[in-house]
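> 3D model of this:
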Amino acid sequence: MSRIGKKPIEIPEGINISKDGNTIKVKGPKGELHRELHPNISVDVKDNEVIVTRPDDTKLNKSLHGLTRALIQNMVTGVNSSYKKTLDIVGVGYRAELKGKNLLLNIGYSHPIYFIPPDDINLELPTQTQIIISGVDKQLVGQIAAKVRSFRKPEPYKGKGIKYSDEQIRRKAGKTAGT
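Next comes the predicted model:
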């Protein structure tokens, strides 16, 4: 039995979960999420708990059991308290700026980079070298953070680029003069 899949999901106050066929909808104070579930997995909403069950012990159903439970738990957590990722910009002259809701990045290229985030994502800039990406969908927040980071990944010699705030960059030694 899946250790993650068999644990029930506690529903906090203010969260409403409804199931319509294979679609589950989670509504809370921060927003609303819905997801299409695999037809092999059954989800029961009882009292203040969500219970995920599988029909048999085939390899597919075992893997879907824990996955479905984790996805629903992430939806509940997201609408209750949103997810956020912090990016740091490292480099002389590298900076970010908000133009309305859009992000303007000057990161060493000959042109600035404009990034238009989806409607569900909020961008904040406490300083010119720090970007906070937040939203209710964990997958979307991570995807947008990875997209922004991909504009200028940190390089291993000076550490210049866009990195996650908790990321450690492995530094390499530069060339040494030959004799």
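> CA only for contacts and neighbour counts going forward, please
Noted.
> Would you check the distance separating the longest strand anywhere in the chain from the middle of the chain?
Using DSSP state E, we find that the single longest strand of the chain is strand 83-90. Remark: strand 83-90 is offset 12 Å from the chain centroid, using Cα atoms, centre = their mean, to the nearest Å.
> Can I get that strand in PDB? Just the C-alpha atoms.
What follows is strand 83-90, C-alpha atoms only, in PDB (Å, rounded to 0.1, in the frame of the first residue of the first chain):
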ATOM      1  CA  TYR A  83       3.200  29.000  -3.100                       C
ATOM      2  CA  LYS A  84       6.200  31.300  -3.800                       C
ATOM      3  CA  LYS A  85       9.700  31.000  -5.200                       C
ATOM      4  CA  THR A  86      12.400  33.600  -4.900                       C
ATOM      5  CA  LEU A  87      15.000  34.300  -7.600                       C
ATOM      6  CA  ASP A  88      18.200  36.300  -7.100                       C
ATOM      7  CA  ILE A  89      19.900  38.200  -9.900                       C
ATOM      8  CA  VAL A  90      23.700  38.200  -9.600                       C
END
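> Show me what it is packed against.
On a contact count with 3 or more Cα pairs under 8 Å, 6 or more residues apart in numbering; DSSP states H and E, strand 83-90 meets strand 130-135, helix 138-150, strand 161-164.
> In JSON lines, list the ones you listed along with mean neighbour count, distance to Ile11 and mean pLDDT.
Converted to JSON lines, the helices and strands packed on strand 83-90 look like this (neighbours: other Cα atoms under 10 Å; distance: least, Cα to Cα, whole Å; pLDDT from 0 to 100):
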{"stretch": "strand 130-135", "mean neighbour count": "22", "distance to Ile11": "19", "mean pLDDT": "96"}
{"stretch": "helix 138-150", "mean neighbour count": "17", "distance to Ile11": "18", "mean pLDDT": "96"}
{"stretch": "strand 161-164", "mean neighbour count": "23", "distance to Ile11": "31", "mean pLDDT": "96"}
